[in-house]
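*Asks:* what shape does this take:
(chains A and B)
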Amino acid sequence: MSTKTTAAETKTVAEGETLLSVEGLGKHFPVTAGLLRRQVGAVKAVDGVSFSVRKGETLGLVGESGCGKTTTGRMIMRLLEPSFGKIVFEGHDITHMSQRQLRPLRRDLQMIFQDPYSSLNPRQTVGAIIGAAFRLQKIETEHGVKRAVQELLELVGLNPEHYNRYPHEFSGGQRQRIGIARTLALRPKLIVADEPVSALDVSVQAQVVNLLEDLQDELDLTYIVIAHDLSVVRHISDRVAVMYLGKIVELADRDDLYERPMHPYTNALLSAVPIPDPSKREGRERIRLTGDVPSPLDPPPACRFHTRCWKAQDICKQTEPPLVELSPGHLTACHFPENTTVSATDEVAKAAVGGSGAVTPVEGDPKLDADDD
Amino acid sequence: MRDVGVLAVTARMRRAAAARPGPLVGLRGPVATRLRRDRRAVAACAVLAVLVLFAAAAPLLEAWTGHAAGRAYPATGLDAFGRPAPPSARFWLGADALGRDVLVRAAYGARVSLLVGVGATALATLLGVAAGMAAGLLGGPADALLGRSTDIVLSFPYLLVAIVAATTFGGGLVTTVCVIAVFSSAAMARVVRAQVLAIREQEYVQAARALGAGPLWIMAVEVAPNLAAPVTALASLLVPQAIVLESTLTFLGAGADPSVPSWGGMLAEAQDYYQTAWWFLLVPAGLLLLTTVAFTVLGDAVHAALNPRRA
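*Replies:* Now for the predicted structure:
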């Protein structure tokens, strides 16, 4: 882990150009009822998230189940149609591109799937699964598809002789490596990794995470890693975005976030991470969140976390805190953040008065929340 | 000793098949290899081959016995009281109530029954897979339309429709095959649609889309191979069902031309005589059973062979 820290530090210092930026992206799944399928509501899976990813970095996207992490990833991949917002990849607005227009861009934009048991077609050999990337993109390989696939298998640490085997002949970790090989076939620039290790044994998780890191160095990859495991995210990410009920509540550099978490939700999440060394557990305060995550069908008004937040006041139920930069590179959406003297409320007030330009209201358009289409 | 040799040969064939990234199903693909090594499959194929030969040899049997299929031989086929003759050197499988040769008629009947069984099933599979895949992949209004049409097809009593069709279009073999195919295809469409809906949600379909696959690729490469197992399993059940349906239609007079012998027609005629002439009933019934079992066993074996886990 220590080697990773130094690598990450150099990376953040040498800030790359923006590869992908997402602005106010949202997905509302309509809920229909009755014979005529009248829309009676919408599941607000993702409700306006904004972030950007720089070349060569790893952005971690964390949150509980159902907070919209996977939906966000799938929208970026354009496997799901966004309801609103904008996705810009390498300067191209890909939000509403047709699948035909997207095809050439898919070479640069790839995804690693969560479940290695369902992400490989059981009726195809490994060679056919990985080779599909070349066939679909009509890429001429120098020594034929078979050779190219075998090189990829070697790259991800599998035996190239296993070209003709079927997925069921491999273990979970090996299957995930096959999935990674397929992803790498097109030499993408950005890889969205949706829970890449959560379906694997802990011992295998480390191998796959390390493989992802090695590949990043070797092939100059940019990752968006979606995960719910905070230690995995801490290990692999340069920056981390915390999601709650379809919104980003905090976005900061990895070390900053883990050492000085500002949003109460992030604090609660981090306090739930087990500490292996018993002597270090002294003085640690465990924050227990009460209640369940509210339904995304009818999320709480204003700050979505107020129903479970121990610091909530009236303002939290009335005004939504915007996601603003409370310290350099550390964005939080909270009226009463921890580990800082300023809050989203102050920053917004300052901006309204016409103060410094320190405010970066990324969460843009508050109209979106009233927008129920 | 011999077994070892066979194993070595099959192993070599398997390696040869594995080395080529060609089609999975073919005379030399791994599926065919697994089928060849399955005794049930070999036995079922042998039985079906014998039945086909039997059907093909109908004119030969006609010449051999000297009994034309359509002609009655009351002088030799019936006794003094008008009862049909039992199996003998002259009538190998006995005679029917009119003194016709049961063996010759069963051979000609095999032609009709196998044709209807295989033909109707092939047509039903084609219709059902196309409709099911369209419904499953297109979703929305197309799905609703196809779903309701299968409901309508399944809610009609098929006999009624068959009789109406027979009187409207004439009771030929083609009408029979079409009626049976339409009714069987409803079940096939439902099975395929359900399977497509399940496959569509699999991450490997998403992965293909992420690589830039269009709907044609997804249908042909990702979905269709995963449909093969349930489709063959259902088709193997539809073949005997179609043969029995044809029998029923012929029995009721709404099927093929009654002057053309078919197993169903023979069964219908036998029902008044089976107490005096068991062979009259037993021959077509036994052949029907044999065909049904052979197709079911073959379907099972194909189902198993299509599963790469059985390698």
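*Asks:* ok, residue A:331 touching residue A:324?
*Replies:* Yes - between residue A:331 and residue A:324 there is a contact at 6.4 Å, judged by CB atoms under 8 Å. Using the backbone N, CA and C atoms, a C-beta is placed for each residue, glycine as well.
*Asks:* quick one: the strands in chain A?
*Replies:* A:18-33, A:38-54, A:58-62, A:84-89, A:92-93, A:109-112, A:190-194, A:222-227, A:239-244, A:247-253, A:324-327, A:330-332 (DSSP state E).
*Asks:* can you list the strands that the shortest one pairs with?
*Replies:* The reference is to strand A:92-93. If you go by DSSP bridges, strand A:92-93 pairs up with strand A:84-89 (antiparallel).
*Asks:* averaged pLDDT, the partner strand. What do you get?
*Replies:* When pLDDT is averaged along strand A:84-89, the result is 94.
*Asks:* now do the same end-to-end measure for stretch A:147-164.
*Replies:* 12 Å (CA to CA, to the nearest Å).
*Asks:* do the same with stretch A:105-117
*Replies:* 27 Å.
*Asks:* do that stretch and chain B meet?
*Replies:* Yes - Stretch A:105-117 is in contact with chain B by CB under 8 Å from any CB of the partner chain, via A:106-107, A:109-111, A:113-115.
*Asks:* ok, the residue located most distally from the centre of chain B to residue A:116 distance?
*Replies:* Distance from the C-alpha centroid of chain B peaks at residue B:80, with 41.4 Å (CA atoms, centre = their mean). Per CB to CB, to the nearest Å, residue B:80 is found 80 Å from residue A:116.
*Asks:* ok, now residue B:170?
*Replies:* Taking CB to CB, one finds residue B:170 at 58 Å from residue A:116.
*Asks:* neighbour count for those two, which is higher?
*Replies:* residue A:116 (26 against 10; other CB atoms under 10 Å in any protein chain shown).
*Asks:* residue contacts, the more buried one?
*Replies:* The contact partners of residue A:116, taken as CB atoms under 8 Å, 6 or more residues apart in numbering or on different chains, are A:172-173, A:175-176, A:178-179, A:199-200.
*Asks:* just these: which are in helices?
*Replies:* The helices, defined by DSSP state H, take in A:172-173, A:175-176, A:178-179 from these.
*Asks:* ok so, going back, possible to save the strands of chain A as TSV with distance to residue B:267 and mean neighbour count?
*Replies:* As requested, these are exported to TSV (distance: least, CB to CB, whole Å; neighbours: other CB atoms under 10 Å in any protein chain shown):
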stretch	distance to residue B:267	mean neighbour count
strand A:18-33	52	18
strand A:38-54	54	20
strand A:58-62	68	26
strand A:84-89	67	19
strand A:92-93	70	12
strand A:109-112	59	26
strand A:190-194	60	26
strand A:222-227	64	26
strand A:239-244	69	26
strand A:247-253	71	25
strand A:324-327	84	22
strand A:330-332	81	26
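*Asks:* so which of these gets nearest residue B:102?
*Replies:* strand A:18-33 (62.0 Å; CB to CB).
*Asks:* strand A:84-89 and the closest one, what's the angle between them?
*Replies:* With axes from the mean of the first three to the mean of the last three CA atoms, to 10 degrees defining the directions, strand A:18-33 sits at 150 degrees from strand A:84-89.
*Asks:* on that earlier part again, closest to residue B:192 out of the strands of chain A?
*Replies:* strand A:18-33 (25.1 Å).
*Asks:* and the closest one, what does it pack onto?
*Replies:* strand A:38-54, helix A:69-76, strand A:84-89, strand A:222-227 (3 or more CB pairs under 8 Å, 6 or more residues apart in numbering or on different chains; DSSP states H and E).
*Asks:* any weak-confidence spans in the stretch 101-250 of chain B?
*Replies:* B:171 (pLDDT under 70).
*Asks:* the helices in it, which residues?
*Replies:* Secondary structure of the stretch 101-250 of chain B (DSSP state H, counting those that start in this stretch): helices at B:102-138, B:140-155, B:158-169, B:173-200, B:203-210, B:215-217, B:224-251.
*Asks:* same check on chain A?
*Replies:* A:2-13, A:69-76, A:99-102, A:126-137, A:144-155, A:172-184, A:202-219, A:230-236, A:254-259, A:264-271, A:314-318, A:344-353, A:367-370.
*Asks:* quick one: closest of those helices to residue B:236.
*Replies:* helix A:126-137 (27.0 Å).
*Asks:* just want the angle from that closest one to helix A:144-155.
*Replies:* 120 degrees.
*Asks:* one step back: which pair in the residues of stretch A:105-117 next to chain B spans the largest distance?
*Replies:* Applying CB to CB across those, the maximum distance is between A:107 and A:115, 24.1 Å.
*Asks:* who does the residue most central in space within chain A bridge with?
*Replies:* By CA atoms, centre = their mean, the mean C-alpha position of chain A lies nearest to residue A:61, the distance being 3.2 Å. Here residue A:61 sits in beta bridges with residue A:226, residue A:241, as judged by DSSP bridges.
*Asks:* measure how buried residue A:279 is and give me the count.
*Replies:* Residue A:279 has 6 nearby residues by other CB under 10 Å.
*Asks:* spell out which parts of the stretch 151-300 of chain B neighbour chain A.
*Replies:* Counting by CB under 8 Å from any CB, the residues of the stretch 151-300 of chain B that sit close to chain A are B:202-204, B:206-214, B:217, B:221-222, B:225-226, B:228.
*Asks:* let's see that with 7 Å instead.
*Replies:* B:202-204, B:206-213, B:217, B:222, B:225-226 (CB under 7 Å from any CB of the partner chain).
*Asks:* how close does residue B:214 sit to residue B:208?
*Replies:* 9 Å.
*Asks:* any low-confidence regions in the stretch 151-300 of chain A?
*Replies:* Ranges of the stretch 151-300 of chain A meeting pLDDT under 70: A:283.
*Asks:* how about the residues of it by chain B?
*Replies:* Residues of the stretch 151-300 of chain A lying near chain B (CB under 7 Å from any CB): A:164, A:166, A:168, A:182.
*Asks:* hang on, the earlier thing: who's more crowded, residue B:214 and residue B:208?
*Replies:* residue B:208 (23 against 13).
*Asks:* OK, contacts around residue A:64?
*Replies:* Contact partners of residue A:64, counting by CB atoms under 7 Å, 6 or more residues apart in numbering or on different chains, are A:228, A:293.
*Asks:* next, it: phi, psi?
*Replies:* phi -70, psi 170 (degrees, to the nearest 10).
*Asks:* residue B:100 contacts residue B:68, doesn't it?
*Replies:* No - assessed by CB atoms under 7 Å, residue B:100 is found out of contact with residue B:68, at 8.6 Å.
*Asks:* mutual contacts of those two, please.
*Replies:* With CB under 7 Å, 6+ apart as the test, residue B:100 and residue B:68 reach no residue in common.
*Asks:* who has more neighbours out of these two?
*Replies:* Counted by other CB under 10 Å, residue B:100 and residue B:68 do not tie: residue B:100 has more neighbours, with 24 against 15.
*Asks:* gap between the more buried one and residue B:164?
*Replies:* Taking CB to CB, one finds residue B:100 at 31 Å from residue B:164.
*Asks:* just residue A:92 next, same as before
*Replies:* 60 Å.
*Asks:* tell me the contacts of residue A:343?
*Replies:* A:334-337.
*Asks:* now do it against residue A:326, distance only.
*Replies:* Taking CB to CB, one finds residue A:343 at 7 Å from residue A:326.
*Asks:* ok, residue A:129 next?
*Replies:* Taking CB to CB, one finds residue A:129 at 46 Å from residue A:326.
*Asks:* cool, and residue B:308?
*Replies:* Taking CB to CB, one finds residue B:308 at 55 Å from residue A:326.
*Asks:* same check on residue B:228?
*Replies:* 58 Å.
*Asks:* swap in residue A:291?
*Replies:* 26 Å.
*Asks:* got it, and residue B:234?
*Replies:* If you go by CB to CB, the gap between residue B:234 and residue A:326 works out to 62 Å.
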